[in-house]
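A.B. asks: Next comes the sequence, and after it the predicted model I'd like to discuss.
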Amino acid sequence: MAKSKKAKKPNTSASTPSATSTSSPEQQRAGFFRRLAAMIYDTLVATAVGMCAAMAMIVFMVVSLKNGLFDMQGYAEPNEFIQNSVMFTTIIQVWVGVWVAGFFLWFWKRGGQTLGMRAWRLRIFSTTEAPMTWSRLLLRLVTSLGGLGTLLVLFDVKNKLALQDRVAKTEVVKLTKNQNDHKSW
């Protein structure tokens, strides 16, 4: 009787580490300097996203003002009005903030990695059985305090958990080159 060979399953333990499964080298939590490098990379990308979002909104506002959709309240040029209008500058700032936040949330939700995290082979995992919901990721983003929450990793040498990891019940794990390959997901 011929034995049927079972297909060798890929190592799935690396794709779903738990809070206690960080002992193997493949699943170590990321340290501060690797996180910092990914944050610098992501800051550059998020800046570009913010600039494109601002440009799109400003072009929309200028065209709207030139075509009389909004009253320029005595200003000769739309740029003067936009710069001196608290409402219009607030709209631009909120618009850019939503796009930058959306950049992080979208990448975290779709694969657990931003572009910088992928370059530095980092990925976010849940430390609980709870799914990574949009609200949980938003909580993680807010509690990161613009990156300041990551400073906690310097003081928590044993667990290597940032403030946002503790609050959102997540961890940032270093990946191997094979685990970082999106084809294996």
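C.D. replies: It's in. These numbers were taken from a predicted model, which means no experiment stands behind them. Numbers count the residues shown, from 1 in each chain.

A.B. asks: Residues contacting stretch 118-132, please?
C.D. replies: 16-19, 30, 34-35, 37-38, 41, 108-109, 111-113, 117, 136, 140, 165, 169-177, 179-180 (Cβ atoms under 8 Å, 6 or more residues apart in numbering). The C-beta positions use only the backbone N, C-alpha and C, and glycine is treated the same way.

A.B. asks: among the residues you listed, which ones are buried?
C.D. replies: Neighbour-count burial (16 or more other Cβ atoms under 10 Å) applied to the contacts of stretch 118-132 gives 17, 19, 30, 34-35, 37-38, 41, 108, 112-113, 117, 136, 140, 165, 169-175, 179-180.

A.B. asks: still on that earlier bit, out of the contacts of stretch 118-132, list just those in helices.
C.D. replies: 34-35, 37-38, 41, 108-109, 111, 117, 136, 140, 165, 177, 179-180 (DSSP state H).

A.B. asks: all helices of this structure, in order?
C.D. replies: For the chain, helices defined by DSSP H occupy the ranges 32-66, 78-84, 86-111, 115-119, 134-143, 152-155, 163-168, 177-180.

A.B. asks: mind checking how far the fifth one is from the chain centre?
C.D. replies: Here the centre of mass of C-alpha atoms in helix 134-143, compared against the chain's by Cα atoms, centre = their mean, to the nearest Å, lies 10 Å away.

A.B. asks: ok, now stretch 108-120?
C.D. replies: Remark: stretch 108-120 is offset 7 Å from the chain centroid, using Cα atoms, centre = their mean.
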